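Participant: Could you look at this predicted model? Sequence included:
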Amino acid sequence: MDRVYEKALPEERLFGILPNCSHAYCVGCIRRWRHSRAFQSTVIKACPECRIPSSYYIPHKYWISDVAEKEKLIRAFKARTGKIRCKFFLRGHCP
């Protein structure tokens, strides 16, 4: 995957932090992986390297390796996104 801090545009210099593993990806790379049609949904909703499932990723300016800091980031992300209505709610399942 690309080196995040070497991206040309500042808005591209974001990490896509997966909550269930410690591998580092740029947010653009993890988005491309998640939109891939080459693999089953269970595969693309997992880490490209270790295949540990993560149902979401967190865009963040900095890489967080400290476990306590990562848990804090995850709680804050869930608190923010928990207030947003899900556009798939009426379907009865997540894509």
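Facilitator: In hand now; what should we look at? Residues are numbered from 1 along each chain as shown.
Participant: Now do the helices in this structure.
Facilitator: Remark: helices assigned in the chain by DSSP state H are 27-34, 41-44, 67-81.
Participant: Most tightly packed of those?
Facilitator: Stretch with highest mean neighbour count among the helices of the chain: helix 27-34 (a mean of 18; mean count of other C-beta atoms under 10 Å). Placement of C-beta: from N, CA and C, glycine included.
Participant: export that one as PDB, just CAs?
Facilitator: Extracted as PDB, the C-alpha positions of helix 27-34 are listed here (Å, rounded to 0.1, in the frame of the first residue of the first chain):
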ATOM      1  CA  VAL A  27      -7.800   5.700   3.600                       C
ATOM      2  CA  GLY A  28      -7.800   5.700  -0.300                       C
ATOM      3  CA  CYS A  29      -6.300   2.200  -0.400                       C
ATOM      4  CA  ILE A  30      -8.700   0.700   2.100                       C
ATOM      5  CA  ARG A  31     -11.600   2.400   0.300                       C
ATOM      6  CA  ARG A  32     -10.500   0.800  -3.000                       C
ATOM      7  CA  TRP A  33     -10.100  -2.600  -1.200                       C
ATOM      8  CA  ARG A  34     -13.700  -2.300   0.300                       C
END
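Participant: Mind giving me the packing neighbours of that helix?
Facilitator: strand 15-17 (3 or more C-beta pairs under 8 Å, 6 or more residues apart in numbering; DSSP states H and E).
Participant: what about the strand it packs on, average pLDDT?
Facilitator: For strand 15-17, mean pLDDT is 93.
Participant: which outside residues touch it?
Facilitator: For strand 15-17, the surrounding residues in contact (C-beta atoms under 8 Å, 6 or more residues apart in numbering) are 4, 24-31, 57-64, 70, 73.
Participant: swap the cut-off to 10 Å and go again
Facilitator: Strand 15-17 is contacted by residues 1, 4-5, 23-34, 54, 56-64, 70, 73-74, 77 when judged by C-beta atoms under 10 Å, 6 or more residues apart in numbering.
Participant: now do stretch 29-41
Facilitator: For stretch 29-41, the external contacting residues (C-beta under 10 Å, 6+ apart) are 1-2, 4, 14-18, 23-26, 43-48, 54, 56-59, 94-95.
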